[in-house]
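Undergrad: Just need the structure, nothing else, for what follows:
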Amino acid sequence: MIAYRAMLDVPRELVREVARLLRAERRARGTRAGSRALTCWNEALLVLAWFRNQGDIALVGAGFGVSRATAYRYRDEVVTVLAEQAPDLHDALEEVAAQGWSHVVLDGKVFRTDRCAETTLSAKGETINAWYSGKHRAPGGNIQAIVRPDGLPIWVSDVVPGHQHDITCARVAGMLGALYWSASQLDLPTLADSGYDGPGQGIHTPIKQPDNGQVLAPANQAYNTLLRSVRCRGERGFALLAGRWRALRRITASPRRIGDYARAALVLTHIEQLQLRTSC
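TA: Prediction:
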């Protein structure tokens, strides 16, 4: 095996913050000094290199002089520590309202994963693959996100098996009640696409084309155009997460952990955004 030097294009402040969280976790566990193969700083570097470049975690770990098992353990540790820092949905909505934004955007994405043998019953009573998305024709897990109008994701849900539709995933994740509350109490409505048709008051979706072949009235067409034009920038939230943290593009771990990976990437994004604001 040949080792070589490479550059990691993340700010030093991000590595420092992840290392700080790891030190706090080690103190909470009572880990003795010098008993780990890597320092908190190098462990943070290892996992950020994997997150950023979608590399083989065993190969990334070999570059730091640790075994495959240790590399996987360190990755899972950092992901868990970061995911625990993710904000609560109500807190995230209150912060967006306090910042003066007029609305939030609700969006969902199926994150690709390896095929899983878990089965479930469909609405028709047939046995189907729980993690197979018929829409995307691939296995994956559905993650729901709340995004600011400028495209910055502020909250992500836990994973729901990929065969479920977006509106069902939003209900399973317990999001709708919080969004009703934000619309009524914070004057912060939610914009969503047609995959969330019929969600309730405070969540605005496009008006669907009538089934009988009739054309939408001009007022409804104008409403749909305005809704899409206002919502479009907010739908770049998942592109921001998966574009920056390439490990999300295909997750080879257990699909049940996709939510942890998404929350960890959300926290990393927020730390970077904070560093950008304070450094200007």
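Undergrad: which stretches of the chain form helices?
TA: Under the criterion DSSP state H, the chain carries helices at the ranges 12-29, 40-53, 57-63, 68-83, 89-98, 166-172, 176-185, 218-231, 237-244, 258-279.
Undergrad: Lowest average pLDDT across those?
TA: Of all the helices of the chain, the minimum mean pLDDT falls on helix 258-279 (a mean of 85).
Undergrad: I'd like to know which elements that one is packed against.
TA: Secondary-structure packing of helix 258-279 (3 or more C-beta pairs under 8 Å, 6 or more residues apart in numbering; DSSP states H and E): helix 12-29, helix 40-53, helix 68-83, strand 104-112, strand 138-147, strand 153-156, helix 237-244. Any C-beta I mention is one placed from the backbone N, CA and C, and that applies to glycine too.
Undergrad: Tell me which of the helices of the chain lies nearest to Cys116.
TA: Closest approach to Cys116 among the helices of the chain (C-beta to C-beta): helix 258-279, 11.0 Å.
Undergrad: Run the chain-centre distance for that closest one.
TA: Averaging C-alpha positions (C-alpha atoms, centre = their mean, to the nearest Å) puts helix 258-279 10 Å from its chain's average.
Undergrad: before we move on, back to that, of all the helices and strands packed on helix 258-279, which one comes closest to Asp166?
TA: Across these, Asp166 has its closest neighbour in strand 104-112 (4.1 Å, C-beta to C-beta).
Undergrad: And that closest one, what does it pack against?
TA: The contact analysis (3+ C-beta pairs under 8 Å, 6+ apart) places strand 104-112 against strand 138-147, helix 166-172, helix 176-185, strand 190-191, helix 237-244, helix 258-279.
Undergrad: so what strands line up beside the first one?
TA: So the one you mean is strand 138-147. strand 104-112 (antiparallel), strand 132-133 (antiparallel), strand 153-156 (antiparallel), strand 160-161 (antiparallel) (DSSP bridges).
Undergrad: Over to the shortest one?
TA: Taking DSSP bridges as the criterion, strand 190-191 pairs within the sheet with strand 104-112 (parallel), strand 203-204 (parallel).
Undergrad: and Ala145, how many neighbours does it have?
TA: Look at Ala145: counted by other C-beta atoms under 10 Å, it has 23 neighbours.
Undergrad: can you put the strands paired with strand 190-191 in a markdown table and add distance to Ser35?
TA: Converted to a markdown table, these look like this (distance: least, C-beta to C-beta, whole Å):
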| stretch | distance to Ser35 |
| --- | --- |
| strand 104-112 | 35 |
| strand 203-204 | 50 |
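Undergrad: Quick check: which of those strands is nearest to Val60?
TA: With C-beta to C-beta, the closest approach to Val60 among those belongs to strand 104-112: 20.1 Å.
Undergrad: Export the closest one to PDB, keeping only CA atoms.
TA: C-alpha atoms of strand 104-112 as PDB (Å, rounded to 0.1, in the frame of the first residue of the first chain):
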ATOM      1  CA  VAL A 104     -39.800  27.800   5.100                       C
ATOM      2  CA  VAL A 105     -39.700  25.000   2.400                       C
ATOM      3  CA  LEU A 106     -40.500  21.400   3.000                       C
ATOM      4  CA  ASP A 107     -38.700  18.900   0.800                       C
ATOM      5  CA  GLY A 108     -37.800  15.200   0.800                       C
ATOM      6  CA  LYS A 109     -35.100  13.100  -0.800                       C
ATOM      7  CA  VAL A 110     -34.400   9.400  -1.100                       C
ATOM      8  CA  PHE A 111     -30.700   8.700  -0.300                       C
ATOM      9  CA  ARG A 112     -29.300   5.800  -2.200                       C
END
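Undergrad: what's the offset of that strand from the middle of its chain?
TA: So, by C-alpha atoms, centre = their mean, the centroid of strand 104-112 is 8 Å from its chain's centroid.
Undergrad: if I look at Ala183, how far off is His165?
TA: 22 Å (C-beta to C-beta, to the nearest Å).
Undergrad: who has more neighbours, those two?
TA: Per other C-beta under 10 Å, whichever of Ala183 and His165 has more neighbours is Ala183, with 20 against 17.
Undergrad: Pull the contacting residues for Leu216.
TA: Leu216 makes contact with 207, 209-210, 224, according to C-beta atoms under 8 Å, 6 or more residues apart in numbering.
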